[in-house]
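A.B. asks: Next input, structure requested:
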Amino acid sequence: MKLTILGGGGFRVPLVYGALLGDHAEGRVTAVTLYDVDGDRLDAVARVLAEQAAGQPDAPRVSVTRDLDEAVRGADFVFSAIRVGGLEGRAADERIALAEGVLGQETVGAGGIAYGLRTVPVATAIARRIAKLAPDAWVINFTNPAGLVTEAMSRILGDRVIGICDSPVGLGLRVAKVLGADPATAWTDYVGLNHLGWLRALRVDGRDRLPELLADSEALGSFEEGRLFGPDWLRSLGAIPNEYLHYYYFNRETVRAYREAKQTRGAFLRAQQSGFYEEMKRPGTPALATWRRTLAEREATYMAANREAAGAGERDAKDAEDAEPGGYEQVALALMRAVARDERTTLILNVRNQGTLSVLDADAVVEVPCFVDANGAHPVAVDPLPHHATGLVTAVKAVEREVLAAAGSGSRSHAVTAFALHPLVDSVSVARRLVDGYRAEHAGLAYLRLP
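C.D. replies: This is a model prediction of the structure:
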């Protein structure tokens, strides 16, 4: 079975390959094709993968290419993890937004809109090539903003594209662990959009265990989301939000922390990963050890500004250990196994709504529990959202639709509307300046016609 990884020179690709190395069952992935537009990054990652595979005779064989058609043709699965504009683009997204006093995070607020505007046209073009060259392939999308990009690709590929994210899976695992429940048998009631969802119940043998967790301040303070949001706010919500909702609930504090930080997350990663890829150009560099060292530093600084704003302290070894099992590579592997082998499972995925949430239309991509089998992912019926969550979900979905309209038509007006409607952008004037600022910065936004 052939897996193609788009964005194959990306830093996190060895996580995916590491998961594949642990799969020895019949019907597993035996060939991996890495596609990227950057040859140096491809070579660097291929070296890391070669060291990972050393001594494993049944390791999936790896090939690299800068030709998209060659990469896609004959693929059984296509894993999309591209970054249009690179980390330079991410750093610019953050800088331009913060100059206007609004959030520039890569998937939330102004930064997420800018990233989506330049990514959707590329993702759509890729979807067309997949539909032509590998119509039977399943596409697993991790490209951010994941829900938006999945919806854009689904307009061409239908239900054969499925979006994944490690955040809700990791949240469910952490809550189950604190409650002493087996995550393999517990039912996680989670619903929303990508990076905008809530864990509303954790059912064990039909009984919801979440109320006992919400009543225990010490237990709430023992895991990542409890420290980020605080026990009182979690009890007010009656749910555990996805960590990315910290940007909404504590927006002023987070924007201030970002503006006061020595460097933004994007700027940090740009410098860190530039250093990694430069090191990898030297023939004698120990590839796997260098990658592991860089990964550890990356994970330790994850959401550092949010943790500072919440007074949650630095991310420690326990936090990393708690988060690790929810890694996106494990979600991708479980999804591929379920589809390829009909190993039925339940995963929280980004799929077309199909009536799951009554406040959204059938084609809107949502993030909900799904039954997965050889026929793909099937969203599970969920209870309606409370009013406060409905407001956020419908507002952000309206923003995503304006991004899709702008990407499809080249309309600057739709782009301005996308920024102006977002809950974290509080001014039409700011929205107009953001569009002009991003368009001047990114060549990939030249398609937005003026005025």
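A.B. asks: Most distant residue from the centre of this structure?
C.D. replies: What lies farthest from the middle of the chain is residue 284; by CA atoms, centre = their mean that is 33.4 Å.
A.B. asks: so what's that one scoring on pLDDT?
C.D. replies: What the model reports as pLDDT for residue 284 is 91.
A.B. asks: shouldn't residue 179 be in contact with residue 212?
C.D. replies: Yes: the criterion here is CB atoms under 8 Å, and residue 179 meets it with residue 212 at 7.3 Å. Placement of C-beta: from N, CA and C, glycine included.
A.B. asks: Tell me which of those two has more neighbours.
C.D. replies: Taking other CB atoms under 10 Å, residue 179 and residue 212 do not tie; residue 179 has more neighbours (18 against 12).
A.B. asks: what about the closest residue to that one other than its chain neighbours, how many neighbours?
C.D. replies: Spatially, and ignoring its direct neighbours in sequence, residue 179 is nearest to residue 209 (4.9 Å; CB to CB, 6 or more residues apart in numbering). If you count neighbours by other CB under 10 Å, residue 209 ends up with 18.
A.B. asks: For residue 209, which residues are in contact?
C.D. replies: Applying CB atoms under 8 Å, 6 or more residues apart in numbering, we find residue 209 in contact with 179, 181, 186, 202, 203.
A.B. asks: Kindly indicate which of these lies nearest residue 239.
C.D. replies: residue 202 (10.6 Å; CB to CB).
A.B. asks: elements contacting the helix or strand hosting that closest one?
C.D. replies: Assessed by DSSP states H and E, residue 202 sits inside strand 196-204. Under the contact definition 3 or more CB pairs under 8 Å, 6 or more residues apart in numbering; DSSP states H and E, strand 196-204 sits against helix 167-179, strand 187-193, helix 210-214, strand 240-241, helix 387-409.
A.B. asks: same thing but at 6 Å, please
C.D. replies: helix 167-179, strand 187-193 (3 or more CB pairs under 6 Å, 6 or more residues apart in numbering; DSSP states H and E).
A.B. asks: Please save the CA atoms from the longest one in CSV.
C.D. replies: Right, the one you point to is helix 167-179. C-alpha atoms of helix 167-179 as CSV (Å, rounded to 0.1, in the frame of the first residue of the first chain):
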residue,chain,number,x,y,z
SER,A,167,-6.0,18.3,20.0
PRO,A,168,-9.4,16.7,20.7
VAL,A,169,-7.9,13.2,20.9
GLY,A,170,-5.2,14.4,23.4
LEU,A,171,-7.9,16.2,25.4
GLY,A,172,-10.0,13.1,25.7
LEU,A,173,-7.0,11.0,26.7
ARG,A,174,-5.9,13.5,29.4
VAL,A,175,-9.4,13.7,30.9
ALA,A,176,-9.8,9.9,30.9
LYS,A,177,-6.4,9.5,32.6
VAL,A,178,-7.3,12.0,35.4
LEU,A,179,-10.5,10.1,36.0
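A.B. asks: in this structure, which spans are strands?
C.D. replies: Applying DSSP state E to the chain gives strands spanning 2-6, 31-35, 61-65, 77-80, 138-141, 161-163, 187-193, 196-204, 207-208, 240-241, 345-352, 365-373, 376-379.
A.B. asks: nearest to residue 171, of those?
C.D. replies: Using CB to CB, the nearest of the strands of the chain to residue 171 is strand 196-204, at 5.6 Å.
A.B. asks: Buried residues of that closest one, list them for me.
C.D. replies: For strand 196-204, the neighbour count (16 or more other CB atoms under 10 Å) marks 196, 197, 198, 199, 200, 201, 202 as buried.
A.B. asks: Repeat that for stretch 49-63.
C.D. replies: 49, 52, 53, 59, 60, 62.
A.B. asks: Quick one, grab the pLDDT at residue 385.
C.D. replies: 96.
A.B. asks: Next, count neighbours for the closest residue to residue 65 other than its chain neighbours.
C.D. replies: Once flanking residues are discounted, residue 65 sits nearest to residue 71: 5.1 Å by CB to CB, 6+ apart. A total of 26 residues lie near residue 71 under the criterion other CB under 10 Å.
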